[in-house]
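Colleague: got a predicted structure plus its sequence, pasted below:
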Amino acid sequence: DAGVIQSPRHEVTEMGQEVTLRCKPISGHDYLFWYRQTMMRGLELLIYFNNNVPIDDSGMPEDRFSAKMPNASFSTLKIQPSEPRDSAVYFCASSPLGANEQFFGPGTRLTVL
Amino acid sequence: GIQVEQSPPDLILQEGANSTLRCNFSDSVNNLQWFHQNPWGQLINLFYIPSGTKQNGRLSATTVATERYSLLYISSSQTTDSGVYFCAAVNTGGFKTIFGAGTRLFVKA
């Protein structure tokens, strides 16, 4: 398997613009997780899905953040409007079961100017 | 929610030395993972170890779930072992994953 795929790998945008990050989980994995990594807060879980349904979005920082999973092989994390403090590395991970081993994608490094 | 603490925060080793990294968690867990984040930012799975002991080459890990800690052993360290080591826990009854702050390891040649 190709592993978890994320795109783009790098994104530079200006404050106020909409940003969409994409993730393709490992085939057959029922759970998908979105994380954010910053120097100040470390790695933190934003939201996770089970069978395409959002289960826990309590980590989503603000209403500017939204995530969808329209099918088993694709998820998006959208920030609208973006702000400089959203600059971070965003990781997507998938797991065959919720409490099982998670496999991470390479991450998207987002810079908001 | 569950809290995860790692120690030491920083570690410098001479190549060839051994080390032990510790992860304490505040509640019972049904998942405990160790990751290595390399200098390029990739998160590499080392161990999925909610309990017991596992070994993979020079690395091994032990989780004592009843005492709420896990240890990662690195033997005969190499410069390529440098990076940040994270443990991550999922508490029993849920799927929310909490990461520790990490141990930053630098191995000198």
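Modeller: Now that the structure is in, tell me what you want to look at.

Colleague: let me see the ranges of the strands in chain B.
Modeller: Applying DSSP state E to chain B gives strands spanning B:4-7, B:10-14, B:19-25, B:29-37, B:43-48, B:52-56, B:59-64, B:69-74, B:83-91, B:97-99, B:103-108.

Colleague: highest mean neighbour count out of these?
Modeller: With neighbours defined as mean count of other Cβ atoms under 10 Å in any protein chain shown, the strands of chain B peak in mean count at strand B:83-91, which reaches a mean of 24. C-betas here are computed from N, CA, C, even on glycine.

Colleague: can you tell if it touches chain A?
Modeller: Yes. Strand B:83-91 lies within reach of chain A by Cβ under 8 Å from any Cβ of the partner chain, at B:Phe86, B:Ala88, B:Val90.

Colleague: who does that strand pair up with?
Modeller: strand B:29-37 (antiparallel), strand B:97-99 (antiparallel), strand B:103-108 (antiparallel) (DSSP bridges).

Colleague: pLDDT on the shortest one, on average?
Modeller: The predicted model gives strand B:97-99 an average pLDDT of 93.

Colleague: so what's A:Phe91 up against?
Modeller: Going by Cβ atoms under 8 Å, 6 or more residues apart in numbering or on different chains, A:Phe91 touches A:Gln6, A:Trp34, A:Tyr35, A:Arg36, A:Gln37, A:Leu43, A:Phe104, A:Gly105, A:Gly107, A:Thr108, B:Leu43.

Colleague: partners of it in the sheet?
Modeller: A:Tyr35.

Colleague: look up how far A:Thr108 lies from it.
Modeller: Distance from A:Phe91 to A:Thr108, counting by Cβ to Cβ, to the nearest Å: 8 Å.

Colleague: who touches both of the two?
Modeller: In contact with both A:Phe91 and A:Thr108: A:Gln6, using Cβ under 8 Å, 6+ apart.

Colleague: circling back: of the strands paired with strand B:83-91, give the one that comes closest to B:Pro8.
Modeller: Checking the strands paired with strand B:83-91 against B:Pro8 by Cβ to Cβ gives strand B:103-108 as the closest, at 6.1 Å.

Colleague: what's in contact with the closest one?
Modeller: Under Cβ under 8 Å, 6+ apart, the answer for strand B:103-108 is B:6-15, B:17, B:19, B:21, B:74, B:77-85.

Colleague: take the contacts of A:Phe91 and lay them out in CSV including pLDDT and distance to A:Asn52.
Modeller: Listed next are the contacts of A:Phe91 as CSV, based on pLDDT from 0 to 100; distance: Cβ to Cβ, whole Å:
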residue, pLDDT, distance to A:Asn52
A:Gln6, 98, 18
A:Trp34, 98, 14
A:Tyr35, 97, 18
A:Arg36, 98, 21
A:Gln37, 98, 25
A:Leu43, 96, 24
A:Phe104, 97, 20
A:Gly105, 97, 18
A:Gly107, 98, 22
A:Thr108, 98, 21
B:Leu43, 96, 24
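
Colleague: so which of the residues you listed comes closest to A:Val12?
Modeller: Set against A:Val12, the nearest of the contacts of A:Phe91 by Cβ to Cβ is A:Thr108 (11.2 Å).

Colleague: from A:Cys23, how far out is A:Ser82?
Modeller: A:Ser82 is 18 Å from A:Cys23, by Cβ to Cβ.

Colleague: apologies, that question was intended for B:Thr79.
Modeller: Taken as Cβ to Cβ, the span from B:Thr79 to A:Cys23 is 32 Å.
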